[in-house]
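Undergrad: Below are the sequence and a predicted model for it; my questions follow.
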Amino acid sequence: QAQLVESGGGLVQPGGSLRLSCGASGFTLDYRAIAWFRQAPGKEREGVACISDYRDGNTYYADSVKGRFTISRDDVENTVTLQMNDLKPEDTGVYHCAADHPICPPEPYVWTEFGSWGQGTQVTVSS
C-alpha cells in the first residue's frame, strides 16, 4: 500500500529547531514534487515548502518561513526533510508531507491540494 509517513514533530521552545522527515512506502519519490503543509486548529491549511522532483530540485517557500525553513530530498533513502529553525508559536500545527506533480507550482496554496499526503506530525512551539 502506497503511503507517506511523517516523523520528527514535538514540543519546542520559541527559537528552537526541529527536523521533520517524510518517508514513502510502496512508491518512490524521485519523480514527484514533495510539499509540506500545516494546519493549526481553527485555521486553513497553509503551504509551507515544496521541492520539485530529482531532475529539477528547485525549492519554494511560503513567505512566513523563508530564511528559517529548509526543504531537501534524498532520493536514495526515498525521504524528504524539512529543517525548521528559529521556530515561532505561529508555526504550531500538524505538518503533513504531500506528493504530486513533478514540478512545484509556485503558489503555496496549491501545495495543500497535492493528491497524496500522510497523517501528519504535531509541532508545538511554546514556552
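TA: Here it is on my side, so go on.
Undergrad: What strand or helix carries the residue nearest to the spatial centre of the chain?
TA: Centroid-nearest residue in the chain: Trp36, 2.2 Å away (criterion: Cα atoms, centre = their mean). When secondary structure is defined by DSSP states H and E, Trp36 falls within strand 33-39.
Undergrad: Just give the number of residues close to the closest residue to the residue nearest to the centre of the chain other than its chain neighbours.
TA: Setting aside the residues directly before and after it, Trp36 is nearest to Val48 in space (Cβ to Cβ, 6 or more residues apart in numbering), at 4.5 Å. Every residue, glycine included, has its C-beta placed from N, CA and C. Close neighbours of Val48, defined as other Cβ atoms under 10 Å, add up to 27.
Undergrad: What segments of this protein are helices?
TA: Taking DSSP state H as the criterion, the chain carries its helices at 108-111.
Undergrad: show me where it has strands.
TA: Chain-ordered strands for the chain, with DSSP state E as the definition, fall at 3-7, 10-12, 18-25, 33-39, 46-51, 59-61, 69-74, 79-84, 93-100, 116-117, 121-125.
Undergrad: quick one: which of the ones you listed is nearest Val110?
TA: Using Cβ to Cβ as the measure, strand 46-51 is the one of the strands of the chain that comes nearest Val110, at 7.1 Å.
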